[in-house]
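>>> How does the following fold in three dimensions:
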Amino acid sequence: MKKIFLDSDVLLDLLLDREPFTDDIAEIVELCLSSNVKICVSPISITNINYIVEKLENQKKANAQTKKILKIVQVENVGQIVINKASNSKFKDFEDAVQNYCAKEAGHQILITRNTKDYKESNLSIMTPREYLAKLQSD
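Numbers count the residues shown, from 1 in each chain. Next comes the predicted model:
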């Protein structure tokens, strides 16, 4: 089964309806669900989403959004290896390093994020949702 790895920011775009980014990530999610492509995230994404939605809205909404996301994603593992690689990396942001190595350890080749500049240390293919959609159309 084909899998894609999403960074927290694009999931927040979807859940919080952050324009002008919502349409691209919504299209990716719809395409994945209709074609049996597994959407994968790190555990950090789930905790970040819950925390941010709670701060912007309330705990009830945060819990509802977390449950909604968990119905459509596979949560990849973050263990000692991922944390060690992230802490020894040249990434400026530790969270981005953890996301990167979580995706890499789980066998992903593409990481979808809006913050591509934060992943310049990555050897994964880093794409925005729009770039990923363009890649799908060209394949």
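
>>> just how off-centre is stretch 81-100 within its chain?
On the basis of CA atoms, centre = their mean, to the nearest Å, stretch 81-100 sits 15 Å off its chain's mean C-alpha point.

>>> what's next to it, contact-wise?
If you take CB atoms under 8 Å, 6 or more residues apart in numbering as the criterion, stretch 81-100 is touched by 7-8, 42, 44-45, 48, 78, 101-102, 104-105, 111, 113, 115, 118-119, 121-122, 124. All C-beta spots, glycine's among them, are computed from the backbone N, C-alpha and C.

>>> any idea of the mean pLDDT for it?
Stretch 81-100 shows a mean pLDDT of 97.

>>> Who are the packing partners of the helix or strand hosting L12?
Using DSSP states H and E, the element containing L12 is helix 8-15. Judged by 3 or more CB pairs under 8 Å, 6 or more residues apart in numbering; DSSP states H and E, the packing partners of helix 8-15 are helix 22-35, helix 43-56, helix 59-70.

>>> Okay, now the unreliable bits of this structure?
Across the chain, the ranges flagged by pLDDT under 70 are 1.

>>> what's around F91, how many residues?
Using other CB atoms under 10 Å as the criterion, F91 is surrounded by 21 other residues.
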